[in-house]
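Visitor: quick one: sequence and predicted model below, then my questions.
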Amino acid sequence: MDSPDLNIHTWWYSLNDSNSFIFTSNGSIDQIEWDSFSDGTIKLIFYANDTAGNIGFEIINIIKETIVPIININSPNPNDVFGFTAPAFNVDSTDLDIDTMWYSLNDGKDITFTSNSSVDQTEWYSLSDGIIKLKFYANDTAGNIGFEIVNIIKDTIAPTININFPNPNDAYGSEAPAFNVDIPDLDIHTMWYSLNDGKDISFISDGLVDQTEWDSLSDGMIKLTFCANDTLGNINSKNVDVIKDTIAPTININSPDPNETFGSEAPAFNVDSFDLNFHSQWYSLNDGKNITFSSNSLVDQTEWDSLSDGMIKLTFYANDTAGNIVSISIDIIKYDAASNGRNQISSIPILIFIPIITLTLIFSIQFIRKKVDFQ
């Protein structure tokens, strides 16, 4: 304050015609007195008198405002996802005395703005993918500062796809294969797969490949491609080659021959089994025990010994990794000559005795008849 009067005696002021406060030099309004007033217009009156008792005054209306600005974030919304392009924003404030507005990303650089726009692209590029804290500030002419925060997501990376099964080169038959995939993206939008780059088939959880699509494919290598995108349109894909095999293996029996006869020694066998996805082969005797083999050999001696003489059905089987099974049978004969010889020898005394008895009976009958006739 200053005055042109050279005979100033006393200076004082009041707030809203209340208490008077004397001062001798420029300074600050009494804090206790200031605190006693509510927000709003305050009438500040300065007084001065001179040594002659003349009093002068001047009035100035000032505004007390202790409430921080309120900021409303209209967009973006919490957990909205954005890619390479910086997000737009829309905010407003209910404070009538706004001085400045600004924002920051992850408590970084303060960027001033005067109207709604987009986040600074250079600042956005500098941030890694993940949750981003977007903080808006506003102050008023009284120096009160308010702020509001919204967490958004930056996602510039396409989803990752992990195929747990099927495994590469797994073979399947006429039944469509099951699948299990992991796609650990927090913002997955859609998942789908295709067979040999054909029809896109959406799925929401692990399951079976569409049977109709599987049926439409010929046997051979099948490219199974899994795809996923996120809400930003980032797309990724991963494929695995599997085999469709609906044809059973072929078996050729080279030996033994049909109706070939064998004795007590188990017969040898020679077979050819063929399949691109061959898995295992086995045989049985008279539909009995299945006996696996990996190369041509002899029929199991114990199993052979357990069989009686006669016609024996020898059946060979083969399957592939797709589960297709084929079998082929031949009949062979078991005849143990040594055993049959012993049986014949043991019956010789009986065979000899029978005609002797017969002759004896005939002779006796004839003798009796002659005796009777003689009498």
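Guide: Yep, it's here. Numbers count the residues shown, from 1 in each chain.
Visitor: for Ala266, list the residues it contacts.
Guide: Leu298, Val299, Asp300, Gln301, Glu303, Trp304, Asp305 (C-beta atoms under 8 Å, 6 or more residues apart in numbering). The C-beta positions use only the backbone N, C-alpha and C, and glycine is treated the same way.
Visitor: the third one touches Ile291, doesn't it?
Guide: Yes: here Asp300 reaches Ile291: they are 5.3 Å apart, a contact under C-beta atoms under 8 Å.
Visitor: before we move on, the earlier item: quick one: buried ones out of the contacts of Ala266?
Guide: Listed as buried from those are Val299, Glu303, Trp304; burial here means 16 or more other C-beta atoms under 10 Å.
Visitor: so which of those sit within helices?
Guide: Glu303, Trp304 (DSSP state H).
Visitor: which of the buried ones among the contacts of Ala266 sits closest to Asp95?
Guide: Comparing the buried ones among the contacts of Ala266 against Asp95 with C-beta to C-beta places Glu303 closest, at 97.4 Å.
Visitor: quick one: contacts for that closest one?
Guide: Counted by C-beta under 8 Å, 6+ apart, Glu303 has contacts Ala266, Leu285, Gly288, Lys289, Ile291.
Visitor: buried among those residues? Need that as a selection in PyMOL.
Guide: Buried subset of the contacts of Glu303, written as a PyMOL selection, criterion 16+ other C-beta under 10 Å:
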select buried, resi 266+285
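Visitor: and the furthest pair within the contacts of Ala266?
Guide: So, those by C-beta to C-beta: farthest apart are Leu298 and Asp305, at 12.4 Å.
Visitor: start to end distance for stretch 284-304?
Guide: Using C-alpha to C-alpha, to the nearest Å, the end-to-end distance of stretch 284-304 comes out at 10 Å.
Visitor: I should have written stretch 282-294 there, sorry.
Guide: 8 Å.
Visitor: check stretch 180-194 too.
Guide: Start-to-end, stretch 180-194 (C-alpha to C-alpha) is 14 Å.
Visitor: for it, buried residues please.
Guide: Result for stretch 180-194 [16+ other C-beta under 10 Å]: buried residues Val181, Ile183, Asp185, Met191, Tyr193, Ser194.
Visitor: starting at the chain centroid, how far to that stretch?
Guide: With C-alpha atoms, centre = their mean, to the nearest Å as the basis, stretch 180-194 stands 6 Å off its chain's centre.
Visitor: hmm, who's touching it?
Guide: 81, 153, 155, 159-165, 179, 200-204, 206, 209, 224-232.
Visitor: cutoff 7 Å now
Guide: For stretch 180-194, the surrounding residues in contact (C-beta atoms under 7 Å, 6 or more residues apart in numbering) are 81, 153, 155, 159-165, 200-204, 206, 224-231.
Visitor: these, buried ones only, as a ChimeraX selection?
Guide: Here is the ChimeraX command that selects the buried residues among those (16+ other C-beta under 10 Å):
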select :81,153,155,159,161,163,203,224,225,226,227,228,229,230,231
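Visitor: from the contacts of stretch 180-194, which land in helices?
Guide: Per DSSP H, the contacts of stretch 180-194 never map to helices.
Visitor: looking at the contacts of stretch 180-194, which are in strands?
Guide: Those of the contacts of stretch 180-194 mapping onto strands are 81, 153, 162-165, 201-202, 224-230, per DSSP state E.
Visitor: just those now: which is nearest Ala337?
Guide: Nearest member of these to Ala337, counting by C-beta to C-beta, is Phe165, at 57.2 Å.
Visitor: and the spatially closest residue to the closest one that is not a sequence neighbour, which of the three is it?
Guide: Nearest non-adjacent residue to Phe165, counting by C-beta to C-beta, 6 or more residues apart in numbering: Asn180, 5.2 Å away. Of the three states, Asn180 takes strand according to DSSP: H, G, I helix; E, B strand; the rest coil.
Visitor: how much space is there between Asn180 and Asp245?
Guide: 21 Å (C-beta to C-beta, to the nearest Å).
Visitor: ok, now Asn139?
Guide: 74 Å.
Visitor: centroid residue for the chain?
Guide: When the chain is reduced to its mean C-alpha position, the nearest residue by C-alpha atoms, centre = their mean turns out to be Asp182, at 2.1 Å.
Visitor: tell me where this structure has helices.
Guide: Listed in chain order, the helices of the chain (DSSP H) span 31-35, 121-125, 211-215, 301-305, 337-346, 348-374.
Visitor: low-confidence stretches in the protein?
Guide: Residue ranges of the chain with pLDDT under 70: 1-5, 339-375.
Visitor: how does it divide into domains?
Guide: 8-64, 71-154, 162-244, 250-335, 346-375 (automatic domain parsing).
Visitor: how close does the closest residue to Ile131 other than its chain neighbours sit to Phe136?
Guide: Among residues not flanking Ile131 along the chain, Asn151 sits closest, at 5.4 Å (C-beta to C-beta, 6+ apart). The gap separating Asn151 from Phe136 is 13 Å, by C-beta to C-beta.
Visitor: try Trp34
Guide: 30 Å.
Visitor: more neighbours: the two, which one.
Guide: Phe136 (20 against 13; other C-beta atoms under 10 Å).
Visitor: from Ser117, how far out is the more buried one?
Guide: From Phe136 to Ser117 the distance is 12 Å (C-beta to C-beta).
Visitor: then Asp200?
Guide: Where Ser117 is concerned, Asp200 sits at a distance of 39 Å (C-beta to C-beta).
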